[in-house]
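> Need a 3D model of the sequence below.
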Amino acid sequence: MKSRAQKIPPKHVSWAAASTPVGKVVVGLTDKGEVCRVSFLRKRKAIEVVEEWQAEWKRTVFTAGSAPKDFMQLPLLMIGTEFQKNVWREIMRIPRGQVASYGEIAQRTGMTKAARAVGTACGNNLLAYIVPCHRVVSANGIGGYGSAGLDTKRALLKAEVVSV
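As a prediction, the model looks like this:
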């Protein structure tokens with residue numbers, strides 16, 4: 001999947017609700033047609049998610065748009081630090097139906113002692129479901145899943161026939 005990265009959010013994002021096998025998400029697209037944000041609704045309305053995005057990205061203008069047919073195939077715009085982007089790219093290499101530990105991802109990125117930082121990078125992933133942080137688990141359990149919650153992580157892993 002094609003991706004590029006930058007440190008600052010885009011100036012304009014159109015958003016729409018879309019479906020995944022485990023629930024609805026809000027998808028944010030740049031003017032270039034890149035997916036820059038994905039958040040699970042989890043009993044919220046789409047506009048509430050967009051208001052949260054606006055609170056974080058104060059200089060970005062958000063407008064309602066139409067849901068892309070297959071947002072999973074669109075190019076990505078990753079917003080984060082170099083370390084985070086390296087972690088997310090490594091996570092995207094985990095095959096569907098498999099998991100890796102935070103420590104394994106740290107080793108793969110050359111930061112052998114950075115398992116906790118990998119967990120933080122997962123928590124800061126703005127491209128939920130596309131960058132499959134749900135496939136990253138702790139060495140002795142499921143680990144966390146940020147604002148999407150453990151129920152969502154369990155559902156995503158179950159949909160991929162993974163037991164943890």
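> residue boundaries of the helices in the chain?
46-56, 82-91, 102-108, 115-123, 149-159 (DSSP state H).
> How about Leu126: what's its closest non-neighbour residue?
Of all residues not flanking Leu126 in the chain, Arg37 sits nearest, at 4.9 Å (C-beta to C-beta, 6 or more residues apart in numbering). Quick note: C-beta positions are derived from backbone N, CA and C, even for glycine.
> List the contacts of Gly23.
By C-beta atoms under 8 Å, 6 or more residues apart in numbering, the residues touching Gly23 are 40-42, 152, 155.
> one more time with 6 Å
Residues near Gly23 by C-beta atoms under 6 Å, 6 or more residues apart in numbering: Phe40.
> Touching stretch 83-100 from outside, list them.
With contact meaning C-beta under 6 Å, 6+ apart, stretch 83-100 is reached by 5, 78, 105, 108-109, 118, 121, 124, 131, 133, 135-137, 160-162.
> Out of the helices of the chain, which gets nearest to Pro9?
Closest to Pro9 of those, according to C-beta to C-beta: helix 46-56, at 8.1 Å.
> got the contact list for the closest one?
Applying C-beta under 6 Å, 6+ apart, the contact partners of helix 46-56 are 15, 17, 26, 39, 62.
> what do you get for stretch 60-70?
Stretch 60-70 is contacted by residues 9, 12-16, 18, 50, 54 when judged by C-beta under 6 Å, 6+ apart.
> Go through those and give me the one with the most neighbours.
When neighbours are counted by other C-beta atoms under 10 Å, Val13 leads those with 25 neighbours.
> who's in contact with the nearest residue to that one once chain neighbours are set aside?
Distance criterion C-beta to C-beta, 6+ apart; nearest residue to Val13, sequence neighbours excluded, is Gly28 at 4.4 Å. Gly28 makes contact with 13, 15, 36-37, according to C-beta under 6 Å, 6+ apart.
> before we move on, what about Ala16?
Going by C-beta under 6 Å, 6+ apart, Ala16 touches 27, 65-67.
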